[in-house]
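Asker: Okay, predicted coordinates and the sequence, questions at the end:
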Amino acid sequence: MSQNLKIGDLSRRTQCTAETIRYYEREGLLPEPDRTAANYRVYGREHVERLAFIRNCRSVDMTLDEIRQLLHVRDLPQRSYEATHQLLDEHIAQVAARLAELRMLERQLRALRQQCGAAHSDKEYGILDGLRWQTAAVRVKKKAGKHVDGRHRHCD
């Protein structure tokens, strides 16, 4: 490791918060940094490159488990890319499922919006009534199939 970056420097360079960097360390995605005599973390080029890799994976909505698997393959001296291809194929399928759910959601919202006309009394307002029945139908449908939740990003 040729660079000696403190966590704030690493944070600015990689556009990840210090909290996120420490989180990735705890999760085993980043190797333990060296420590100074005053017990400050000191990061090197390896950390910068690895955080860039993680950040790029997160930008395509990969989970930490998926990133962990890719890092494992990346760190192997003799790499087998079969597992990487399978992981990417599964991730693509998950994204396709989420897109289908979002398209369905868009159609439902457009249908509800079309129920809105001129101002009515509260009793006659179609969208509120539609939402009451719509949410019941969605709950039943979600129980029948697997729902793919959105992911949260740690770095922007």
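Answerer: Received the coordinates, thanks.
Asker: For residue 101, see how far away residue 107 is.
Answerer: Going from residue 107 to residue 101 by C-beta to C-beta, to the nearest Å gives 11 Å. Glycine gets a C-beta too; all of them are placed from N, C-alpha and C.
Asker: wait, residue 29
Answerer: From residue 29 to residue 101 the distance is 28 Å (C-beta to C-beta).
Asker: what about the chain, any weak spots by pLDDT?
Answerer: Residue ranges of the chain with pLDDT under 70: 1-2, 77, 117-156.
Asker: residue boundaries of the helices in it?
Answerer: 7-14, 18-26, 45-59, 64-75, 82-114, 126-144 (DSSP state H).
Asker: Leaving out the residues flanking it, which one is nearest to residue 14?
Answerer: residue 51 (4.3 Å; C-beta to C-beta, 6 or more residues apart in numbering).
Asker: Might one say that the one you found is in contact with residue 10?
Answerer: Yes. In this structure, residue 51 is within contact of residue 10 by C-beta atoms under 8 Å, at 7.1 Å.
Asker: and for those two, which residues touch both?
Answerer: Contact criterion C-beta atoms under 8 Å, 6 or more residues apart in numbering; residues shared by residue 51 and residue 10: 16, 21.
Asker: Can you tell me how far residue 11 is from residue 102?
Answerer: Counting by C-beta to C-beta, the separation of residue 11 from residue 102 is 32 Å.
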